[in-house]
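> just a sequence and a predicted model for now, questions to come.
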Amino acid sequence: MAQPRKYSKSVGDIIKIKSDFFEKNEDMLKLSAHQADALLMQPKRTKCKICHGVIGKAAGQEELYHSQRMSYYECPVCGHVNSEYEDNEDFASRVYIADDYLANYSEDDRKKYETRRDTIYIPKAQFLIDSLAKDGVKKKNIKVLDDGAGSGYFVSALRQLGIEQVDGIEISEPQVQFANTMNGDDILTQVDAPDIASIIETADVNVVTFIGVLEHITNLDDVLEALKKNKKVKYIYFSVPMFSMSCIFEASHQNCYNRHAGGTHTHLFTESSLKYMADSIGFTEYATWKFGSDMMDLYRMICVCLDQNENPRLREVFGKKFLPMIDEMQEIVDRHEEASEIHMIIKRKS
Ligand SMILES: [Zn+2]
């Protein structure tokens, strides 16, 4: 049976980790504009990313909204929100630029790594372990493949919590090296994008995880098909961006960095499109944790606007008044199912 949904999470130290978004608004906006340029060069999307229903102008549809030069259409079949251009291989090759990773890492880098892992990823890992425990799956029987493992934070967090059978795969070689150095162990393996679907299809694991990954996969159909075929996989754990309050805040603050819709996010999930996706591969919602960054986005946008209007003292006053309320305000958004992100575990129907 599905677990009751869990809501909200304290902002806590995350505000410090994400301070770039506050201090580097112009740079982040430029990066996002560059990514939008790359998407605008691609063919128009005529089919929904999730259900393949006809969408957009081809279906005689009006846009749901537009933001940062991009129109978004709501799929009439599954409710998914798709940008008007396709996120194909050419787009991916233009926007996923390898970050600069230093050859030598200091002790300070390791501390930063561990802080980020403990603040952001341990709670996500704990949620998976707790949810599976409620389904009678013991820690020692959990076998995980983490796809799009990035710098290995989630794999590292699961290991910290005592999951021994966990591997991560990642396309970027520098990120794999960084993750393995930070962990002092080969926790990740570098793989090439065309091989990922077959790796998933043949993996000897009962859990596959995608933390902030599904929305970036160009051949999502192939990956979903592989999950459907690999009957050993009983649970899929993912976090994805949702059509949410953050989208509306972004659309109404065009001089503020759009963290959520745009950039490398070319489509947004909804409750109904998630259900459609799970059904299409023979899975159903099992456990969900909803906590968004909508109020943090709103707070950041107002701060950026106050800076742009040369109102530094009011920004300070605003912070003092607003931040003590922010967790409670976000909790309301989360409970109304309007949060910017969702963490969901879906389970194979027997
Ligand atoms: Zn659809």
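That came through fine.
> low-confidence stretches in the stretch 151-300 of the chain?
Counting by pLDDT under 70, the stretch 151-300 of the chain has no low-confidence residues at all.
> check which helix or strand covers K112.
For K112, the host element (DSSP states H and E) is helix 107-116.
> what helices or strands is that helix leaning on?
Packed against helix 107-116, as judged by 3 or more C-beta pairs under 8 Å, 6 or more residues apart in numbering; DSSP states H and E, are the following elements: helix 173-183. Every residue, glycine included, has its C-beta placed from N, CA and C.
> quick check: next helix or strand after the helix it packs on?
strand 188-190.
> excluding its own residues, what touches that next one? List them.
149, 152, 155, 167-173, 175-176, 179-180 (C-beta atoms under 8 Å, 6 or more residues apart in numbering).
> in its sheet, what does it sit against?
Here strand 188-190 is paired, per DSSP bridges, with strand 165-170 (parallel).
> got the phi/psi numbers for D147?
The phi/psi pair for D147 (degrees, to the nearest 10) reads phi -90, psi 140.
> what's the spacing between it and the ion?
23 Å (C-beta to the ion, to the nearest Å).
> show me what that residue is bridged to.
Beta-bridge partners for D147, by DSSP bridges, are I169.
> name the nearest residue to P43, sequence neighbours excluded.
Spatial nearest neighbour of P43, chain neighbours left out: E86 (5.3 Å); criterion: C-beta to C-beta, 6 or more residues apart in numbering.
> what about that neighbour, how many residues nearby?
20 (other C-beta atoms under 10 Å).
> wait, it sits on K44?
Yes. With contacts counted by C-beta atoms under 8 Å, E86 reaches K44, the gap being 7.2 Å.
> point me to the residue of the stretch 251-350 of the chain nearest the ion.
S273 (6.0 Å; C-beta to the ion).
> which strand or helix spans that residue?
Assigned by DSSP H and E, S273 belongs to helix 271-280.
> any idea what N82 is bridged to?
Y73, H267.
> contacting residues around it?
R45, C48, K49, I55, G56, Y72, Y73, C75, T266, H267.
> cross-check those residues against the ion and keep the overlap.
Checking the contacts of N82 against the ion by C-beta under 5 Å from the ion, the ones in range are C48, C75.
> most distant residue from the middle of the chain?
Residue farthest from the centre of the chain, counting by C-alpha atoms, centre = their mean, is R313 at 34.2 Å.
> and it, what are its phi and psi?
R313 has phi and psi values of phi -70, psi -40 when expressed as degrees, to the nearest 10.
> what's the answer for S8, then?
phi 70, psi 160.
> distance of it from D221?
Going from S8 to D221 by C-beta to C-beta, to the nearest Å gives 33 Å.
> the two: which has the busier surroundings?
Neighbour count, other C-beta under 10 Å: between S8 and D221, S8 has more, with 18 against 14.
> give me the nearest residue to the more buried one, chain neighbours excluded.
E331 (4.0 Å).
> next: F269.
In space, F269 is closest to V240, 4.7 Å off (C-beta to C-beta, 6+ apart).
> next one: A33
Using C-beta to C-beta, 6+ apart, the closest residue to A33 is Q68 (7.2 Å).
> show me the residue at the heart of this protein, geometrically.
Nearest residue to the geometric centre of the chain (C-alpha atoms, centre = their mean): G212, 2.6 Å.
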